[in-house]
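J.: Mind looking at a prediction? Sequence and model below.
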Amino acid sequence: MNPMQRKKDRIDALAATAGAAADIPDAGRVSDSGGLSLIGSAWLRLRRDPVFLIGATVTLLFILLAIFAPLLAPHNGHTAYLIKEVSADNPVPGGEKGFPLGADGQTGRDLLSRLILGSRQTLIVGVLATLAGLCGGLVLGTVAGSLGGWADTVVMRVVDVMLSLPSLVLALAVATLFGKPSQWTLIIAIAIVQVPIFARLLRGSMLTQRSSDHVLAARALGVKRSAITFRHMLPNSLGPVLVQATLVLATAIIEAAALSFLGLGNPDDSSPEWGQMLGQAQQYFDIAPRLAFWPAGCIVVVAFGFTLMGESLREALDPRNRR
Amino acid sequence: MLRFIVRRLLQAVLVMFIVSALLFAWLRSLPGGPVDSLLGERATPASRAALSKQLGMDQPLLVQYWHFLDNMVHGRFGTSTQVQTGADALHIFFQRLPATVELSIVAIVIALATAIPLGYFAAKRHGGLLDTGSVVLSLIGVAVPVFFLAFVLKYVFAIKLGWLPPSGRQSADLDATRVTNFYVLDGLLTREYDASWDAIKHLILPAIALASIPFAVIFRITRASVLEVLHEDYVRTAESKGLTARIIRGRHVLHNAMLPVVTTIGLQVGGLLTGAVLTETVFAYPGLGDALAQAFSQRDYSVLQVLITMAALGYVLVNLLVDIAYAIIDPRIRTR
């Protein structure tokens, strides 16, 4: 047996342990053999997984950038420093000393500073939209998965309806409900699109648990239904939901850009956001495509980082994916 | 089998019924409501009251909803106020449908033609360079905003290099005969092959941009599904029997691995329309997505009503067909 094969076998053995651990309650803390829990073995794999490391590094750098943005930005995001350079034959001033990326358009604000400051708003929109979607999905999914019966039917039909509309159409419909678009309408619109995805995921994993041994044991002991739901079923269902949240964060940032592009983003650009910057850059695309390339590049890198992290987490927590 | 089909049909009708109720609630709760959006800024109290009465807004909500449903079932969605002023909204839908269908078909074909072979070979050489490379490519595909990709394609291939046209469905100076409004097909039917070729050239860039969404999904499903099948006993049996690689690939691996892929294609319909809204806007391609974006930004509610209803109906119908097809292929589904 070659060393590569042996390594694969060991991973498979690890995976099998993790699979067995998932079936017993409190899988996160206790394990049956070898002193390895599901999370423990997943961490062991993640630590050596280059995909996870790249994703986590990008994500961490992005979060640090968002936190320290005002300290890192060379200028503020709203003063029109380069407005004197704006003219008919130079509508979008390019880079010069102190302003390496030039102006952000005809307003003459510093593009580099706005990009750095934009990380914060982008993170806020992504995180809040994901959290709101997660909360909505948690409520619907828990109701459907733990109560079952007609509650399940009603919730799932509502979810079907939400899924039957293309995500962007649903987001646009929600955004038009509010008279004036703002950062909050953007967040709500993106969040509502994520609700059915989370709800389905949670319901699915709750349904499989309803007939699993640890829930039956709890029921046989006479544990109240609410306690079974919140203490036994919900914690065991959270893994895939949290992985999904990492992936949704990436889509939320991209979706915010799409809504801005279609004119339903936040019109107030005093605190910049990458999606908004990309949306506004389209009017200069023919003369200064770099205005679109910079925010788009930032979005791609960050979305890529979140996706890499989410995918490797999913793979690590789902032993069936290991071959 | 019949019972399964009937049950799924009833579910589909129920979903459409809820969609109509939500749509009605949505139209009623829009800022300003339908009266203001129809009258615009010239509204006087008298004209508003008159229009309210004409629209039946003075009647109880349930009666209004009944009229709304009645109109919808009979295809009376009202006239467009902005997108094509004065035109029947349903007519706009049917007029623009071929454009988007044409674009979506080309996009799906591009996605299938690239994603399935790539997914197969990535799984076959699991962990290899091709595998890693194509996985990274599909992840980047997910991370790039579709409209940005569309802009880049347009900038590079249409504006800078000038290889392909930057916008529209067909060159305006080309006086092509219309038969079905599927421009490529029309050209073939009337033997105006230059018209077909011109339409194809207009399709390439938007279709590539649009294909990026289904490509990533189909690639990942194919890869995962082939990985699963490759380790099945019957594949090992086929290999040990000494069957040729081609037969194993076609009859044993791909045949079985395609089942989840078929379901995913059904689910991609909604994603395609989302993508169509963005790509058609960038390429000024006169399809449903372009109409939808315009209707939203200019608040053309009759057009929105048609397009949203039809989007939901399309999604429900396609998934109904996929479910039925699936039940025919895999009998275990029927009992669920």
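T.: Yep, that arrived. Numbers count the residues shown, from 1 in each chain, chains lettered A, B, ... in the order given.

J.: Run through the chain and note the low-pLDDT ranges.
T.: Reading this off chain A. Low-confidence segments of chain A, defined by pLDDT under 70, are located at A:1-38, A:81, A:83-89, A:91-92, A:94-95, A:106, A:318-323.

J.: Oops, wrong one, chain B.
T.: Low-confidence regions of chain B, defined by pLDDT under 70, span residues B:32-43, B:55, B:270, B:329-336.

J.: Break it down into its structural domains.
T.: Domain assignment for chain B by automatic domain parsing gives B:2-73, B:89-334.

J.: winner for burial among those?
T.: Mean neighbour count (mean count of other CB atoms under 10 Å in any protein chain shown) peaks for domain B:89-334 among the domains of chain B, with a mean of 19. No exception for glycine: its C-beta is placed from N, CA and C like everyone else's.

J.: Is that domain in proximity to chain A?
T.: Yes - under the criterion of CB under 8 Å from any CB of the partner chain, chain A is reached by domain B:89-334 at B:126, B:139-140, B:142-148, B:151, B:155, B:159, B:224, B:227, B:231, B:270-271, B:273-274, B:277-278, B:281, B:292-293, B:296-297, B:299, B:307-308, B:311-312, B:315-316.

J.: List phi and psi for B:Lys241.
T.: Reported as degrees, to the nearest 10, the phi and psi values for B:Lys241 are phi -70, psi -10.

J.: Can you list the helices and strands that the helix ranked longest in chain B packs against?
T.: Ranked by residue count, the top helix of chain B under DSSP state H comes out as helix B:193-230. Under the contact criterion of 3 or more CB pairs under 8 Å, 6 or more residues apart in numbering or on different chains; DSSP states H and E, the helices and strands touching helix B:193-230 comprise helix B:89-124, helix B:129-143, helix B:146-153, helix B:183-189, helix B:255-282.

J.: out of the ones you listed, nearest to A:Gln209?
T.: Closest approach to A:Gln209 among those (CB to CB): helix B:255-282, 23.6 Å.

J.: Go ahead and measure how far the helix or strand following the closest one is from the middle of the chain.
T.: Sequence-wise, the next helix or strand downstream of helix B:255-282 (DSSP states H and E) is helix B:288-297. How far helix B:288-297 lies from its chain's middle: 14 Å, per CA atoms, centre = their mean, to the nearest Å.

J.: Next secondary structure after helix B:288-297?
T.: Per DSSP H and E, the first helix or strand lying C-terminal to helix B:288-297 is helix B:301-329.

J.: Who are the packing partners of that next one?
T.: Using 3+ CB pairs under 8 Å, 6+ apart as the contact criterion, the elements in contact with helix B:301-329 are helix A:149-164, helix A:167-177, helix B:2-29, helix B:33-39, helix B:89-124, helix B:255-282, helix B:288-297.

J.: do that again at 7 Å, thanks
T.: For helix B:301-329, the helices and strands in contact under the criterion 3 or more CB pairs under 7 Å, 6 or more residues apart in numbering or on different chains; DSSP states H and E are helix A:149-164, helix A:167-177, helix B:2-29, helix B:89-124, helix B:255-282, helix B:288-297.

J.: Show me what the fifth one is packed against.
T.: With contacts defined as 3+ CB pairs under 7 Å, 6+ apart, the secondary structure elements packing on helix B:255-282 are helix A:167-177, helix B:89-124, helix B:146-153, helix B:193-230, helix B:288-297, helix B:301-329.

J.: cool, and the third one?
T.: For helix B:2-29, the packing partners by 3+ CB pairs under 7 Å, 6+ apart come out as helix A:149-164, helix B:61-73, helix B:301-329.

J.: Among the ones you listed, which comes closest to B:Arg8?
T.: Closest approach to B:Arg8 among the helices and strands packed on helix B:2-29 is made by helix B:301-329 (5.6 Å; CB to CB).

J.: ok and the closest one relative to helix B:288-297, angle-wise?
T.: With axes from the mean of the first three to the mean of the last three CA atoms, to 10 degrees as the criterion, the two stretches helix B:301-329 and helix B:288-297 enclose an angle of 140 degrees.

J.: tilt between helix B:301-329 and helix A:149-164?
T.: Using the same axes, to 10 degrees, the interaxial angle of helix B:301-329 with respect to helix A:149-164 works out to 120 degrees.

J.: by how many degrees do helix B:301-329 and helix B:2-29 diverge?
T.: Put simply, helix B:301-329 runs at 160 degrees to helix B:2-29, going by the same axes, to 10 degrees.
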